[in-house]
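K.L.:
When you get a sec, could you give me coordinates for this:
(one chain, ligands or ions: 2)
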Amino acid sequence: MGLLGDLGLNAFRDAALRATRLAEALFQGAFADVVAINDGRVWRCKPAGAFANDVSARRLALQSDKTLWVADATLEPSWRDHPAVTAENGLRFCASVPILLPDRTLVGALWVTDARPRPFDAALASALEELAAFVAGECDRLLGGETRMIRDLFDKAPGLMAVTRGSGHVIELANPALRRFVGDRDLIGREVAAALPQMVAQGFVALLDQVFETGKPYGAYAARMFLQRTPGGPLTEAYCDFVFQPIRDLEGAVTGVFFQGYDVTPAKLAADQLAASRRELQSALAAIQTVFDQSLDVICMVDDQGRIANVSPRAESLWGYAPEEMIGRQSIDFVHPDDRAATLAAAVEVHSGRSTTGLANRYIHKDGTPISMMWSAVWSQAHALTFCIGRDMREREVTEAKLRQAQKMESLGQLTGGVAHDFNNLLTVVMGSAEALSDALTDQPRLQPLAQLILEASENGAELIRSLLAFARRQSLSPKTMDSAGLFESLRPLLRRTIGSDIELDMRGDPELRWLADPVQLSSALLNLCINARDAMPSGGRICVGVHRDDAEPSLIAVSVEDTGQGMTPEMIQRVMEPFFTTKPTGKGSGLGLSMVYGFAAQSGGRLSIESEPGRGTKVTVHLPATSGPVVAAASPEEGPVESAQRRILLVEDDDRVRAQVVGQLLALGYRVISSANGVEAIERLVEQPNIDLLMTDIVMPGGINGRQLAIYARRLSPKLPVLFTSGYSNDAQVRAARLAERAVFLAKPYRRAALARALQEAFDA
Ligand SMILES: Nc1ncnc2c1ncn2[C@@H]1O[C@H](COP(=O)(O)OP(=O)(O)OP(=O)(O)O)[C@@H](O)[C@H]1O
Ligand SMILES: [Mg+2]
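P.N.:
Ligands and ions are numbered 1, 2, ... in the order given. Predicted coordinates:
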């Protein structure tokens with residue numbers, strides 16, 4: 001920085017010129033000039049001097065802060081060899097008066113030269129000094145103004161500015177912007193390291209040292225620094241563009257450092273934030289792209305002309321068209337012709353701002369198959385696009401069909417179960433009466449066979465009811481742990497006889513696999529399945545009966561019957577488990593076989609599955625709960641002798657006809673009977689008559705006290721009292737609970753006299 005600067009120099013020139021004119025008037029015939037030092041260079045007030053080569057001579061003069069009077073240069077040893085002196089008609093006289101500022105800073109010199117020698121003249125010398133003082137005063141005035149102006153610029157500059165002096169970097173100047181930047185601390189007159197200690201560790205003082213030592217400026221962009229904005233406060237991050245410029249003196253030696261910088265923290269942070277949000281945006285976009293690419297639903301964008309603007313890759317696996325084949329085409333072209341009107345109507349709705357979530361239609365696959373779709377769509381005004389998400393509904397349709405099937409079977413089961421139960425009670429009466437009638441008519445050979453006929457018919461009816469109860473999952477089951485070895489061995493001769501010689505029978509067991517099921521019902525189920533298989537192979541074939549662990553549900557064991565017969569269509573498979581569904585001629589099939597197997601499997605805690613295709617055979621599998629318990633041999637019920645005793649039985653039965661009937665049976669068996677129509681009455685009887693030997697009670701009864709509660713009460717009065725429960729329901733919660741009662745026997749309705757006799761005996765023995 002020049003001491004005078006450009007502005008100062010111009011004003012200074014005026015004062016200097018006036019001084020030279022006055023000096024030349026005083027020294028008639030001489031040449032006067034003012035020389036100055038600016039930016040380390042000699043500056044002269046007049047364009048050319050009177051003597052060539054006097055520049056270096058003047059420089060010599062400028063070194064001195066004393067008045068110089070060289071009366072005759074040719075006589076002065078230090079001057080006479082100077083080229084300006086030795087030149088022809090060269091310099092003889094020279095006077096130089098320093099221009100000193102009040103602080104004794106040397107600014108320049110007033111310089112008078114002449115080709116003639118001039119003897120020292122004290123008056124002239126002091127007049128020259130006056131003139132030099134005038135120029136110095138003028139200069140000081142100007143400089144003061146300039147400094148003020150510079151300070152003003154400094155203070156008002158938005159940038160950060162400071163000047164340090166010396167190798168210790170004492171802060172001489174610091175503008176308000178800088179003071180604010182470093183937290184308004186005390187800076188002037190202090191060393192940087194002391195005023196801003198946190199800058200030492202961050203290497204800024206070392207940088208100052210470097211600039212001071214090398215004299216080379218140093219600049220940086222967005223330099224990161226940590227500043228204490230309040231004394232003792234936390235360090236906060238800041239960024240600064242700055243330059244350290246060396247300040248030199250007249251000789252060019254570095255005396256200080258000028259710092260100028262810009263606080264770019266907000267810009268930098270904003271840029272960082274922008275970059276971060278750009279990255280976030282990019283990753284969000286990438287996520288959306290992933291969803292678009294991977295979605296199992298088709299994502300489709302349709303423009304306001306109905307053209308497909310974009311469609312996700314799922315389109316190809318679902319409809320057979322690559323996205324490129326669809327983009328640009330009318331979306332409606334891909335819709336099944338029958339669904340186009342509804343789809344267009346929905347599209348108009350969506351376009352008017354109502355989003356839709358339930359538009360069902362069919363798309364046509366490239367191969368021509370219709371694909372059921374469910375759409376949700378929303379119109380975006382900003383994009384001028386309808387965004388549509390379409391779901392493949394085929395799987396859902398299959399699931400729904402399965403659900404409908406399950407619901408149908410369930411309600412069929414309930415209906416069947418209800419009817420069968422009521423019929424059961426009727427049959428108990430019919431059978432009991434027919435039996436009594438038949439017994440009473442032994443001496444009437446014409447009538448007795450009629451009674452026998454009623455008995456047989458009602459037994460057939462009871463058999464049918466049993467099948468229906470089996471389907472309705474209401475038969476009474478006695479599950480045992482079983483394995484295929486015993487079961488297959490005892491069944492083989494029976495099945496062999498049944499299926500005939502044209503059909504091969506392959507039974508393969510696995511002794512490792514055990515399951516829990518009622519052996520009698522499972523045997524009958526397998527017999528039923530083998531008969532079905534036989535009927536499906538009129539000209540022979542092969543039946544495989546096998547057992548394996550269920551692949552899908554390892555908790556189940558699959559016992560399967562597979563044939564090589566005619567098979568079934570999917571529509572048939574849907575219906576074959578319904579009761580009375582048969583394709584066999586009247587009299588041949590009742591349509592109850594698979595229904596019973598279905599009910600049995602479900603009631604056993606498993607399920608029934610059918611795999612079949614027309615012409616390719618059928619595989620029917622009963623899935624039963626797996627177990628690891630020991631195998632129990634199935635007990636075969638045999639007709640035992642009917643035992644009678646003069647024991648007292650309390651019979652509790654709400655149905656009057658059944659009660660009458662059973663009383664008859666009990667009497668016929670030789671027991672004494674006390675009967676009650678409900679639980680409350682029965683309790684009264686128990687209290688009145690302590691000598692009752694057995695309680696026989698229906699389980700499900702109206703009137704507040706059911707059979708099980710009655711039994712508990714009776715046992716309280718007489719803890720060892722044998723109990724026989726009866727019921728037409730077997731899967732009712734009350735019935736299941738009653739059957740768990742200790743030392744109690746359960747007899748399912750309807751029953752024959754012999755079964756009743758055995759059950760009573762069992763109850764007495766329990
Ligand atoms: N293995 C099979 N192969 C082909 N069709 C079968 C097979 N098993 C059953 N079906 C079909 O399912 C129908 C119903 O079978 P289901 O066993 O329930 O009754 P049914 O055999 O007709 O009569 P029921 O078994 O009561 O004597 C049969 O009529 C037959 O059409
Ligand atoms: Mg059958």
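
K.L.:
need the strands for the stretch 651-766 of the chain, in chain order.
P.N.:
Here the stretch 651-766 of the chain has its strands, by DSSP state E, counting those that start in this stretch, at 672-676, 694-698, 723-727, 744-748.

K.L.:
As a markdown table, these with mean neighbour count would be great.
P.N.:
Where C-beta positions appear, they are placed from N, C-alpha and C, glycine not excepted. Below are the strands of the stretch 651-766 of the chain laid out as a markdown table (neighbours: other C-beta atoms under 10 Å):
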| stretch | mean neighbour count |
| --- | --- |
| strand 672-676 | 17 |
| strand 694-698 | 25 |
| strand 723-727 | 24 |
| strand 744-748 | 21 |
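
K.L.:
Have a look at the protein and report its longest strand.
P.N.:
Longest strand of the chain, by residue count under DSSP state E: strand 235-248.

K.L.:
residues near the residue of the stretch 551-700 of the chain found nearest ligand 2, how many?
P.N.:
Distances between the stretch 551-700 of the chain and ligand 2 by C-beta to the ion are smallest at G593, namely 2.7 Å. The burial count assigned to G593 is 23, neighbours taken as other C-beta atoms under 10 Å.

K.L.:
try R13
P.N.:
R13 is flanked by 16 other residues according to other C-beta under 10 Å.

K.L.:
right, and the residue of the stretch 551-700 of the chain closest to ligand 2 touches R534 too?
P.N.:
No: look at G593 against R534 with C-beta atoms under 8 Å: they stay out of range, at 11.7 Å.

K.L.:
any chance of the strands of the stretch 651-766 of the chain in a markdown table, with distance to A525 and mean pLDDT too?
P.N.:
What follows is these, written out as a markdown table (distance: least, C-beta to C-beta, whole Å; pLDDT from 0 to 100):
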| stretch | distance to A525 | mean pLDDT |
| --- | --- | --- |
| strand 672-676 | 39 | 86 |
| strand 694-698 | 29 | 94 |
| strand 723-727 | 23 | 92 |
| strand 744-748 | 18 | 89 |
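
K.L.:
got the ones you listed as CSV, with distance to M225 columns?
P.N.:
Shown next, in CSV, are the strands of the stretch 651-766 of the chain (distance: least, C-beta to C-beta, whole Å):
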stretch, distance to M225
strand 672-676, 102
strand 694-698, 96
strand 723-727, 92
strand 744-748, 92
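
K.L.:
For L131, find the nearest of these.
P.N.:
strand 723-727 (142.8 Å; C-beta to C-beta).

K.L.:
counting contacts, what elements does the closest one pack onto?
P.N.:
strand 694-698, helix 707-717, helix 733-739, strand 744-748, helix 753-765 (3 or more C-beta pairs under 8 Å, 6 or more residues apart in numbering; DSSP states H and E).

K.L.:
let's see 7 Å
P.N.:
For strand 723-727, the packing partners by 3 or more C-beta pairs under 7 Å, 6 or more residues apart in numbering; DSSP states H and E come out as strand 694-698, helix 733-739, strand 744-748, helix 753-765.

K.L.:
Could you work out which of the ones you listed reaches nearest to ligand 1?
P.N.:
strand 744-748 (21.6 Å; C-beta to the nearest ligand atom).

K.L.:
Describe which strands the closest one pairs with in its sheet and in which direction.
P.N.:
For strand 744-748, the paired strands and their directions (DSSP bridges) read strand 723-727 (parallel).

K.L.:
quick one, what contacts the residue of the stretch 51-200 of the chain found nearest ligand 2?
P.N.:
Nearest to ligand 2 in the stretch 51-200 of the chain, going by C-beta to the ion, is Q198, at a distance of 95.6 Å. Residues near Q198 by C-beta atoms under 7 Å, 6 or more residues apart in numbering: 226-228, 235.

K.L.:
again, but for L100
P.N.:
L100 sits next to 65, 106, 136 when contact means C-beta under 7 Å, 6+ apart.

K.L.:
element containing the first one, please.
P.N.:
Spelled out, that is D65. Under DSSP states H and E, no helix or strand contains D65.

K.L.:
Over to it: give its phi and psi.
P.N.:
When quoted as degrees, to the nearest 10, the phi and psi of D65 stand at phi -110, psi 20.

K.L.:
could you measure it against A36, distance?
P.N.:
Distance of D65 to A36, given as C-beta to C-beta, to the nearest Å: 14 Å.

K.L.:
These two: which is more packed in?
P.N.:
Neighbours per residue, other C-beta under 10 Å: of D65 and A36, the larger number sits with A36, 24 against 12.

K.L.:
can you confirm the more buried one is in a helix?
P.N.:
No: A36 sits outside any helix when classified using DSSP: H, G, I helix; E, B strand; the rest coil, being strand.

K.L.:
Just to check, it is in contact with W43?
P.N.:
Yes: A36 is in contact with W43 according to C-beta atoms under 7 Å; the separation is 4.6 Å.

K.L.:
The stretch 401-550 of the chain against ligand 1: which residues are in contact?
P.N.:
When proximity is defined as C-beta under 6 Å from any ligand atom, the stretch 401-550 of the chain approaches ligand 1 at 528, 532-533, 536.

K.L.:
quick one: which of those residues is most hemmed in?
P.N.:
A533 (27 neighbours).

K.L.:
I'd like the distance between that one and ligand 2.
P.N.:
9 Å (C-beta to the ion, to the nearest Å).

K.L.:
ok, now which ones touch that residue?
P.N.:
Per C-beta under 7 Å, 6+ apart, neighbours of A533: 543, 561, 563, 565.

K.L.:
Distance-wise, check the residue of the stretch 451-600 of the chain found nearest ligand 1 relative to T20.
P.N.:
Nearest to ligand 1, among the residues of the stretch 451-600 of the chain, is G593, at 2.3 Å (C-beta to the nearest ligand atom). Shown here: G593 relative to T20, a distance of 139 Å by C-beta to C-beta.

K.L.:
quick one on the thing from earlier: what's the closest of the contacts of Q198 to G328?
P.N.:
Ranked by distance to G328 (C-beta to C-beta), the contacts of Q198 are led by F226 at 57.1 Å.

K.L.:
Mind listing the residues bridging to the closest one?
P.N.:
Counting by DSSP bridges, the residues bridging with F226 are E237.

K.L.:
Surely it is in contact with C240?
P.N.:
No: at 11.4 Å, F226 and C240 do not qualify as touching, with contact defined as C-beta under 7 Å.

K.L.:
Can you read off the pLDDT for K366?
P.N.:
pLDDT recorded at K366 is 95.

K.L.:
Extract the C-alpha trace of stretch 100-107 and format it as PDB.
P.N.:
C-alpha atoms of stretch 100-107 as PDB (Å, rounded to 0.1, in the frame of the first residue of the first chain):
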ATOM      1  CA  LEU A 100       8.700  15.400   7.000                       C
ATOM      2  CA  LEU A 101       5.300  14.600   8.400                       C
ATOM      3  CA  PRO A 102       4.700  15.700  12.000                       C
ATOM      4  CA  ASP A 103       5.500  12.100  13.100                       C
ATOM      5  CA  ARG A 104       8.800  12.500  11.300                       C
ATOM      6  CA  THR A 105       7.800  10.100   8.500                       C
ATOM      7  CA  LEU A 106       9.800  11.000   5.500                       C
ATOM      8  CA  VAL A 107       7.500  11.600   2.500                       C
END
